[in-house]
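Chemist: Could you work out the structure for the sequence below:
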Amino acid sequence: SLAPGVACLTNCTEMNIACNQLTDICPEIGECVRLRILKLNGNRLRTLPESVGNCSLIEELILSENHLQKLPEAVGKLKNLKTLHLQNNQLEEVEPAIGEILGLQDIDCSNNPTLKNIPEQLQDDTKMILWCLSYQRGHVLNMRGKEAENSEIESSANIADNERLANLC
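Modeler: Numbers count the residues shown, from 1 in each chain. This is a model prediction of the structure:
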């Protein structure tokens with residue numbers, strides 16, 4: 001695994017730790033805030049820590065040839081991201097927030113047999129992937145809004161029910 005001591009590398013701009021059979025990346029990677037290039041391909045990673053979203057200067061993120069099943073939502077915060085390689089993993093979904101990264105020029109999520117939200121024939125087509133993700137992101141945000149509205153209605157209904165019960169007694 002990548003040791004927590006990586007937090008000391010605050011001035012590091014490029015980190016190539018590809019092909020090292022890593023199974024774990026410590027959350028302290030998020031303290032490498034000057035990173036522009038992060039290459040983690042060819043390892044055995046199943047997850048990526050949420051803290052990677054703190055590395056807001058990342059332009060190139062190479063995660064291919066791992067065992068990733070899911071990306072953290074924080075990857076959508078990487079607004080400087082230009083290249084994202086996700087091919088040859090076990091991804092079930094590409095995080096829809098990635099569709100809002102306007103400067104993303106190259107995204108490849110091909111050869112992810114369990115990927116559900118990007119059709120197989122589009123998994124290496126950057127423009128179509130971004131369109132799909134942007135479309136899905138709109139639905140995600142809409143659903144979150146509906147959930148909040150429903151929660152508010154439910155709360156109001158509970159208060160009204162409690163008041164009615166109190167008046168009956």
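
Chemist: who does the helix or strand harbouring L38 touch, helix- and strand-wise?
Modeler: Secondary structure assigned from DSSP states H and E places L38 in strand 37-39. Packing partners of strand 37-39 (3 or more Cβ pairs under 8 Å, 6 or more residues apart in numbering; DSSP states H and E): strand 14-16, strand 60-62. All C-beta spots, glycine's among them, are computed from the backbone N, C-alpha and C.

Chemist: mind giving me JSON lines with those strands and columns for mean pLDDT?
Modeler: As requested, the helices and strands packed on strand 37-39 are exported to JSON lines (pLDDT from 0 to 100):
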{"stretch": "strand 14-16", "mean pLDDT": "97"}
{"stretch": "strand 60-62", "mean pLDDT": "98"}
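
Chemist: Just say which of these is most tucked in.
Modeler: Mean neighbours per residue, mean count of other Cβ atoms under 10 Å, is largest over these for strand 60-62, with a mean of 20.

Chemist: my guess is L84 meets D106, correct?
Modeler: Yes. L84 lies in contact with D106 (Cβ atoms under 8 Å); the separation is 7.2 Å.

Chemist: higher neighbour count, those two?
Modeler: Shown here are L84 and D106; by other Cβ atoms under 10 Å, L84 has more neighbours (26 against 12).

Chemist: need the contact list for the more buried one.
Modeler: Applying Cβ atoms under 8 Å, 6 or more residues apart in numbering to L84 gives the contacts L61, L63, V75, I98, L104, D106, I107, D108.

Chemist: returning to what we had before: out of the helices and strands packed on strand 37-39, flag the one nearest N89.
Modeler: Closest to N89 of the helices and strands packed on strand 37-39 is strand 60-62 (Cβ to Cβ; 11.6 Å).
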